[in-house]
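Q: below is the sequence, then the predicted model.
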Number of protein chains: 2
Amino acid sequence: MPRQVDHRQRRAQIAEAVCSLVAARGLEAVSLRDVAAEAGISMGRVQHYFRTKDEMLLFALEYVGERDVAGTRRDLAAVPGAPPRTVIRTVLAGLLDTDPRKVEAQRVGVAFLARALVEPALAAPLLQGYEGLQVLLEQAVRQAIAEGTVCATTDPRSAASEVFALADGLRVQTLLGHMAGERALEILDARLDRLFGG
Amino acid sequence: MPRQVDHRQRRAQIAEAVCSLVAARGLEAVSLRDVAAEAGISMGRVQHYFRTKDEMLLFALEYVGERDVAGTRRDLAAVPGAPPRTVIRTVLAGLLDTDPRKVEAQRVGVAFLARALVEPALAAPLLQGYEGLQVLLEQAVRQAIAEGTVCATTDPRSAASEVFALADGLRVQTLLGHMAGERALEILDARLDRLFGG
């Protein structure tokens, strides 16, 4: 089915163009015309896939969400049988990654977050992403408790929620420039030091 | 100087209109025309004070920042001689307040945050606000260490940064709907329980 593959590739190409533009200029500066130019295809072709800007943004958000989840899974697969602390650290440090491509994804994430507050259709895929990470973190804390590396009186859900919110706050403060990326990782690691055997 | 007062009042009235619209529809949907309608004044009068949308947004951001700081100071003044934990809790719970006016300010804050990532002129007042809260939190942790309510080996800067980032992450996750406001306060309080005598 070469046509099928072509459609998927074309939509991915458009989504990548949306992300580059959103990271550089914000959501409001992105038009179908700009995206066509950035992706190097005709305006008509963009409109063939997406009738409105909102449709295009929603697809780009889902695309970037899936790309990020796939990236996290790849990071985790790179350390098979990793102890829970490594899993938690990998997931949360991913939010603070200073690799340019990750920073772009984080900037896009904040842009969509702001838009989702006033456009509930955009909140759904974001919430799904949050829920997925929350589950992953909770499982890791439960496993750590079972293995005895985290204190048995710890509530897995609360511990997972706390470190997740901490990393999310560090992400926002790092992107804005309130905190350096290395400093954010130090604070995250100090928190994990206390969770594991503190 | 009635003219002076009138100018200040008029600009404040415009800033309040900007905030209502940004909270309801996001930054991109706000035009000088909409703001004039929301504030109940003529378009020409808005343009008399602000030549461009960006000028108007910058003023509204500074205005809402000063209003928030004044609100936090009022909250703190309501508990004179408050112990450091009360100071820290008041500052951070302010970020998670579910009072409609506070939620509006938080939504406006996230909208401006997203815009500041691509518009450095808007980052300056936001960073100033972050710096102000950071200093306040550090002072409170130092005082708590001096009074013996926080462990003497605690690094005040790191502890302040951690609880601040935690509250900021909880704010974002609460606004998006990933977490209920009450749950966010529980997680914050559990963290403060550990900082103070844990």
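A: Yes, it's here. Residues are numbered from 1 along each chain as shown, chains lettered A, B, ... in the order given.
Q: what's the single longest helix in chain A?
A: Counting residues, the longest helix found in chain A (DSSP state H) is helix A:120-147.
Q: pull out the buried positions in the helix or strand hosting residue A:112.
A: Following DSSP states H and E, one finds residue A:112 within helix A:100-116. Of all the residues in helix A:100-116, those buried under the rule 16 or more other C-beta atoms under 10 Å in any protein chain shown are A:102-116. Placement of C-beta: from N, CA and C, glycine included.
Q: go ahead and flag the most central residue of chain A.
A: Closest residue to the average C-alpha location of chain A: residue A:68 at 5.1 Å, with C-alpha atoms, centre = their mean.
Q: pretty sure that residue sits against residue A:105.
A: Yes. Counting by C-beta atoms under 8 Å, residue A:105 is a contact partner of residue A:68 at 5.8 Å.
Q: which residues are in contact with the residue nearest to residue A:33 when sequence neighbours are not counted?
A: Nearest residue to residue A:33, sequence neighbours excluded (C-beta to C-beta, 6 or more residues apart in numbering or on different chains): residue A:43, at 5.7 Å. Counting by C-beta atoms under 8 Å, 6 or more residues apart in numbering or on different chains, residue A:43 makes contact with A:32-33, A:36.
Q: among those residues, which ones are buried?
A: A:32, A:36.
Q: make TSV out of the contacts of residue A:43 and add secondary structure.
A: Listed next are the contacts of residue A:43 as TSV, based on DSSP: H, G, I helix; E, B strand; the rest coil:
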residue	secondary structure
A:32	helix
A:33	helix
A:36	helix
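Q: go through the contacts of residue A:43 and name the one nearest chain B.
A: residue A:32 (15.0 Å; C-beta to the nearest C-beta).
Q: so what's that closest one up against?
A: A:43, A:46-47, A:50, A:53, A:56 are the contacts of residue A:32 under C-beta under 8 Å, 6+ apart.
Q: for chain A, which segments are assigned as helices?
A: Along chain A, counting by DSSP H, helices occupy A:2-25, A:32-39, A:43-49, A:53-77, A:84-94, A:100-116, A:120-147, A:156-176, A:181-195.
Q: return the distance of the fourth one from the chain's centre.
A: Computed by C-alpha atoms, centre = their mean, to the nearest Å, the chain-centroid distance of helix A:53-77 equals 7 Å.
Q: quick check: which helices or strands does that helix pack against?
A: Contact here means 3 or more C-beta pairs under 8 Å, 6 or more residues apart in numbering or on different chains; DSSP states H and E; on that basis helix A:53-77 packs against helix A:2-25, helix A:32-39, helix A:43-49, helix A:84-94, helix A:100-116, helix A:120-147.
Q: circling back to that earlier point, can you tell me how far the residue nearest to the centre of chain A is from chain B?
A: 16 Å (C-beta to the nearest C-beta, to the nearest Å).
Q: so what pLDDT did that residue get?
A: Note for residue A:68: predicted pLDDT of 79.
Q: then the one 4 residues further on?
A: Looking at residue A:72, its pLDDT reads 82.
Q: what number of residues lie near residue A:169?
A: The tally of other residues near residue A:169 (other C-beta atoms under 10 Å in any protein chain shown) stands at 28.
Q: contact partners for it?
A: B:164-172.
Q: do residue A:143 as well
A: When contacts are counted by C-beta under 8 Å, 6+ apart, residue A:143 is found next to residue A:84.
Q: separation between it and chain B?
A: On the measure of C-beta to the nearest C-beta, residue A:143 and chain B end up 21 Å apart.
Q: and residue A:81, by the same measure?
A: Applying C-beta to the nearest C-beta to residue A:81 and chain B gives a distance of 29 Å.
Q: okay, now that residue: neighbour count?
A: Residue A:81: 5 surrounding residues under other C-beta under 10 Å.
Q: about what we covered before: nearest to residue B:78 among the helices of chain A would be which one?
A: Taking C-beta to C-beta, helix A:156-176 is the member of these nearest to residue B:78, at 26.1 Å.
Q: okay, the angle between that closest one and helix A:120-147?
A: Angle, helix A:156-176 to helix A:120-147, by axes from the mean of the first three to the mean of the last three C-alpha atoms, to 10 degrees: 130 degrees.
Q: quick one: helix A:156-176 to chain centroid distance?
A: Helix A:156-176 sits 13 Å away from the centroid of its parent chain (C-alpha atoms, centre = their mean).
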